[in-house]
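Colleague: below is the sequence, then the predicted model.
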Amino acid sequence: MRQETAEMLINIINAQSDVMRLKGRASQHILIHLAHSGGKLPLKELYLLPLWTNKTLRNHILHLENDGMIELLDDPNDGRSKIALLTKKSRCKLAKYEEKIFDVLKKHTRSNATSFAELSAE
């Protein structure tokens, strides 16, 4: 892996940690997964994510709910299930995270463009 690419990935990870300030990567992934699913998803679909155990997911879901990042609603299609819904607070954090990522990518692209320009000039 080129050094510039490694630095870009480190900057993305740092941006994620700086903006999200959540307990653990599972919480961050849950929010991002919810965002990619339109901000609303039945909990049973989150439990299908292969990355963590059900206990880990349950703990992070409870933390996210307590922190006001998600709201758990009764599923109208299944009385035994819940739906996770992104809150305004989490949508704001995700928007800030997206901005930071774009900044990192822009800087990386600019530095690579400069490198390519220097190479072609030689």
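Modeller: Arrived safely. Numbering: from 1, shown residues only.

Colleague: excluding chain neighbours, what is closest to the spatially most central residue of the chain?
Modeller: Residue closest to the average C-alpha location in the chain (Cα atoms, centre = their mean): residue 32, at 3.5 Å. Nearest in space to residue 32, with sequence neighbours left out and distances taken as Cβ to Cβ, 6 or more residues apart in numbering, is residue 94 at 7.4 Å. Yep, even glycine has a C-beta here, placed from its N, CA and C like the rest.

Colleague: repeat for residue 84
Modeller: With Cβ to Cβ, 6+ apart as the measure, residue 70 is the residue that lies nearest to residue 84, at 5.0 Å, once sequence neighbours are left out.

Colleague: so who does that neighbour touch?
Modeller: Taking Cβ atoms under 8 Å, 6 or more residues apart in numbering, we find residue 70 in contact with 30-31, 34, 61, 64, 84-87, 90.

Colleague: a markdown table please, covering those and showing pLDDT, distance to residue 40 and neighbour count.
Modeller: Converted to a markdown table, the contacts of residue 70 look like this (pLDDT from 0 to 100; distance: Cβ to Cβ, whole Å; neighbours: other Cβ atoms under 10 Å):
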| residue | pLDDT | distance to residue 40 | neighbour count |
| --- | --- | --- | --- |
| 30 | 86 | 13 | 27 |
| 31 | 85 | 13 | 24 |
| 34 | 89 | 7 | 23 |
| 61 | 91 | 14 | 21 |
| 64 | 91 | 14 | 25 |
| 84 | 94 | 7 | 24 |
| 85 | 95 | 5 | 14 |
| 86 | 94 | 7 | 22 |
| 87 | 95 | 11 | 16 |
| 90 | 89 | 12 | 23 |
